[in-house]
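Trainee: A predicted structure for the sequence below; I have some questions about it.
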Amino acid sequence: MTVQDVRSFNRFYTNVIGALDYGRHLYAPYTLTESRVLYELAHSPRTDAADLRTELSLDAGYLSRILNKFEQDGLIERTPSERDPRRRRIALTARGRETAALLDERSRESVGALLATVPADDRPRLAEAMHTVRTLLSHGRPPRREDVVLREPGPGDLGWIVQRNAALYAAEYGWNADYEGLVARIVADFAEDHDPHLERVWIAELDGRPVGCVMCVRDDAPGTARLRLLIVEPDARGLRIGDRLVEAVIDFARDGGYRDLVLWTNDVLSAARRIYQRHGFVLVAEKPHRSFGVDLLGQDWRLDLHGAQE
């Protein structure tokens, strides 16, 4: 392989995805770089300008111009960072979230149209070839935290949540099909009727595959949201994915005007309980029960969203 081979492939691929005229390709007033910045803001619960510069390898002045444009368009708001007052936290406004969702939808449609031209029997070869390119050009390095993105569910993801919850809890804790039935009902209720402004699902994605999820839904108690179905795939643990998913729920619930965030779990789920404790959840009740074919100690946890913030 020569340098010319790589350059030739780059020219071919940028033409295929419309990178040189990305805004017109997606019928949007934003370039590929601007759309990527919007994507990062939409999929990272807490982001400041320094994080964006590092993640996207952008020049500080160039990024500043992009953020100024977004602010003028009403897509973002900037506030002092909670972690470091010398930094500015960047957050999408409601209009910004709608714009990012629209761009994401159009991008999915564009890629879907591209894949539709590839025969079904050839798609595994294509996926393997893309994986090979990523692996070789990353020098075999292990996944990093910044390689994980949080996104909204796409077609098939809700079914993945049911399947992976059932499989993981059966393998790790011996739970039976009763748990799969419970998860299926929770997911079906969300799919059939939810308010996108007050309820949401996040999928953690690594190297193009889902590796975690969490859900935020309305609770029966007024002003209360409920965190549900937090899981992280075993081979993706250690990348702080669980913490990021919980942070996303907390920020979403707080921004949505909820007063409290609650969850129900079991004492055997020690790793998850440590995540909840790190983010300020307090154990409020415990009760033994027999469910999913085993004896368990159920626990109710609560977070005051208007109390101390991280």
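Mentor: In hand now; what should we look at?

Trainee: Near residue 116, how many residues? Count them for me, please.
Mentor: 9 (other C-beta atoms under 10 Å). Quick note: C-beta positions are derived from backbone N, CA and C, even for glycine.

Trainee: Tell me, what's the model's pLDDT at it?
Mentor: The model reports residue 116 with a pLDDT of 88.

Trainee: do the same with residue 162
Mentor: At residue 162, pLDDT is 96.

Trainee: distance of it from residue 36?
Mentor: Here the distance between residue 162 and residue 36 works out to 31 Å (C-beta to C-beta, to the nearest Å).

Trainee: And residue 174, its phi and psi?
Mentor: phi 70, psi 20 (degrees, to the nearest 10).

Trainee: ditto for residue 153
Mentor: According to degrees, to the nearest 10, residue 153 has phi -70, psi 140.

Trainee: was I right about it contacting residue 203?
Mentor: Yes. Counting by C-beta atoms under 8 Å, residue 153 does reach residue 203; the two are 5.3 Å apart.

Trainee: anything in contact with each of those two?
Mentor: In terms of C-beta atoms under 8 Å, 6 or more residues apart in numbering, residue 153 and residue 203 are both contacted by the residues residue 213.

Trainee: Can you show me the strands along the stretch 151-300 of the chain?
Mentor: 200-206, 209-218, 224-232, 260-266, 282-291, 294-304 (DSSP state E, counting those that start in this stretch).

Trainee: would you turn the ones you listed into TSV with mean neighbour count and distance to residue 182?
Mentor: Shown next, in TSV, are these (neighbours: other C-beta atoms under 10 Å; distance: least, C-beta to C-beta, whole Å):
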stretch	mean neighbour count	distance to residue 182
strand 200-206	22	16
strand 209-218	21	13
strand 224-232	22	10
strand 260-266	20	11
strand 282-291	11	8
strand 294-304	16	13
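
Trainee: now the ones you listed in CSV, with mean pLDDT and distance to residue 128?
Mentor: Putting the strands of the stretch 151-300 of the chain into CSV (pLDDT from 0 to 100; distance: least, C-beta to C-beta, whole Å) gives the following:
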stretch, mean pLDDT, distance to residue 128
strand 200-206, 92, 17
strand 209-218, 94, 13
strand 224-232, 96, 25
strand 260-266, 96, 38
strand 282-291, 96, 41
strand 294-304, 95, 39
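
Trainee: Please dump the ones you listed into JSON lines; it should also carry distance to residue 121 for every row.
Mentor: Output for those, formatted as JSON lines (distance: least, C-beta to C-beta, whole Å):
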{"stretch": "strand 200-206", "distance to residue 121": "25"}
{"stretch": "strand 209-218", "distance to residue 121": "21"}
{"stretch": "strand 224-232", "distance to residue 121": "32"}
{"stretch": "strand 260-266", "distance to residue 121": "43"}
{"stretch": "strand 282-291", "distance to residue 121": "43"}
{"stretch": "strand 294-304", "distance to residue 121": "43"}
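
Trainee: so which of the ones you listed gets nearest residue 98?
Mentor: Smallest distance to residue 98 across the strands of the stretch 151-300 of the chain (C-beta to C-beta): 13.7 Å, for strand 200-206.

Trainee: Which strands or helices does that closest one pack on?
Mentor: strand 148-151, helix 157-173, strand 209-218, helix 241-255 (3 or more C-beta pairs under 8 Å, 6 or more residues apart in numbering; DSSP states H and E).

Trainee: now for these, which one comes closest to residue 305?
Mentor: Nearest of those (C-beta to C-beta): helix 241-255, 4.8 Å.

Trainee: Could you tell me how far residue 114 is located from residue 108?
Mentor: Taking C-beta to C-beta, one finds residue 114 at 11 Å from residue 108.

Trainee: One more: residue 199?
Mentor: Taking C-beta to C-beta, one finds residue 199 at 21 Å from residue 108.

Trainee: of these two, who's got more company?
Mentor: Neighbour count, other C-beta under 10 Å: between residue 199 and residue 108, residue 199 has more, with 19 against 12.

Trainee: No more questions from me, cheers.
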